[in-house]
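K.L.:
Sequence plus predicted model, see below.
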Amino acid sequence: MTEATPDAGGAEATCCEAPQPFPWPWVIGAAGICIILMLATAFACKFARSSSRAGQQSGQAVEDLVAVQPVQAEKAKEAEAEEAKEAEARLLVEQAMSDAASFRKAVKVKDVTELVADQRYAAYKAHEKEVRKAAREFAKLLKGKWGQRFSSSIAHLLVSGPEFDLADRPILAVLHEIIDELGGDNFAGDAKDTFHQEVMLPEDLSKEKMNWRPAWKGKVCTGVKTYHKRMHISKSLLVTLKGGPETDWEQDEISQRLLPAFRKAGMNTEVLHFDSIEQFFGYVAQS
């Protein structure tokens, strides 16, 4: 009996070997790497597009800024030029007032002949005319910013102020011309106006009667009420300027009697008071 021997191909040994496992970890790892690479590529593309848009926007912003800067610089230059013109015009008004004041002082000298007195008064009136002209030219430069600050339904009405200040400058004339040029009106008392000179009797102007006071109150009341009705304004600012005892009395009457009466009649009114003509200049010239 012969023993069985393995064949030359080793069939018996091959049948006894265990099968090799499938390399799943390697496959999963490779797939994960591919996914990561795909995500990274997508993110890089998105970032590149965003950067490109941001770059374009940034470039456009720079171009816009470059385009705007000359315009802004030109506007600033124009504003500076306007302010310089306004300052120069104000100086001309102040100089004209000072010149008129020197002639006003000469008029007040009494120990001169009638001829000399008339000549001095004529010289003063000529300078007062220059004051009024300078005041109007100053106001014309302010019309643009004035229209931006106040609508046409808001009125500035001059109701009380001294004819001259302590330096003999004709400040009432200046107030009148500026407010009138800016669209307001004047109801302040003036000893040299037609009403005082031609309507009132000499005894009415005496210190014993002081009939100019009720005349002034009637002028202000009628003027303000008529202006509200005729111009259809929503609000009036009653302009007053500090002076001497007479204007102090007028301004007390405005606060205690006239203003309450106006409001009772349904008119929206406020007092706009100034202590000096310089303060008034600052108000009308502000932006």
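P.N.:
Looks like it came in fine.

K.L.:
going forward, measure contacts and count neighbours with C-alpha atoms only.
P.N.:
Noted.

K.L.:
Residue 237 in helix, strand or coil?
P.N.:
Secondary structure state of residue 237, per DSSP: H, G, I helix; E, B strand; the rest coil, is strand.

K.L.:
Is there a neighbour count for residue 256? I'd like the number.
P.N.:
11 (other CA atoms under 10 Å).

K.L.:
let me fix that: residue 169
P.N.:
Residues near residue 169, counting by other CA under 10 Å: 25.

K.L.:
Ok, residue 131 next?
P.N.:
Residue 131 - counted by other CA under 10 Å - has 26 other residues nearby.

K.L.:
Contact partners for it?
P.N.:
Residue 131 sits next to 93, 96, 97, 100, 173, 174 when contact means CA atoms under 8 Å, 6 or more residues apart in numbering.

K.L.:
quick one: which of these is most hemmed in?
P.N.:
Busiest of the contacts of residue 131 [other CA under 10 Å] is residue 97, holding 26 neighbours.

K.L.:
Mind checking what secondary structure that residue has?
P.N.:
Looking at residue 97 with three-state DSSP, the answer is helix.

K.L.:
Excluding chain neighbours, give the residue nearest to it in space.
P.N.:
Nearest residue to residue 97 in three dimensions, chain neighbours excluded: residue 169, at 5.2 Å (CA to CA, 6 or more residues apart in numbering).

K.L.:
how near is the one you found to residue 112?
P.N.:
Plainly put, residue 169 is 22 Å away from residue 112 if you go by CA to CA, to the nearest Å.

K.L.:
likewise residue 94?
P.N.:
Residue 94 is 29 Å from residue 112, by CA to CA.

K.L.:
Comparing the two, which residue is more hemmed in?
P.N.:
Neighbours per residue (other CA under 10 Å) separate residue 94 from residue 112, with residue 94 holding more: 20 against 10.

K.L.:
just to revisit the earlier point, let me know whether the residue nearest to residue 97 touches residue 93 as I believe.
P.N.:
No: contact criterion CA atoms under 8 Å: residue 169 and residue 93 do not qualify, at 10.7 Å.

K.L.:
Show me where the stretch 51-200 of the chain has its helices.
P.N.:
114-149, 171-181, 194 (DSSP state H, counting those that start in this stretch).
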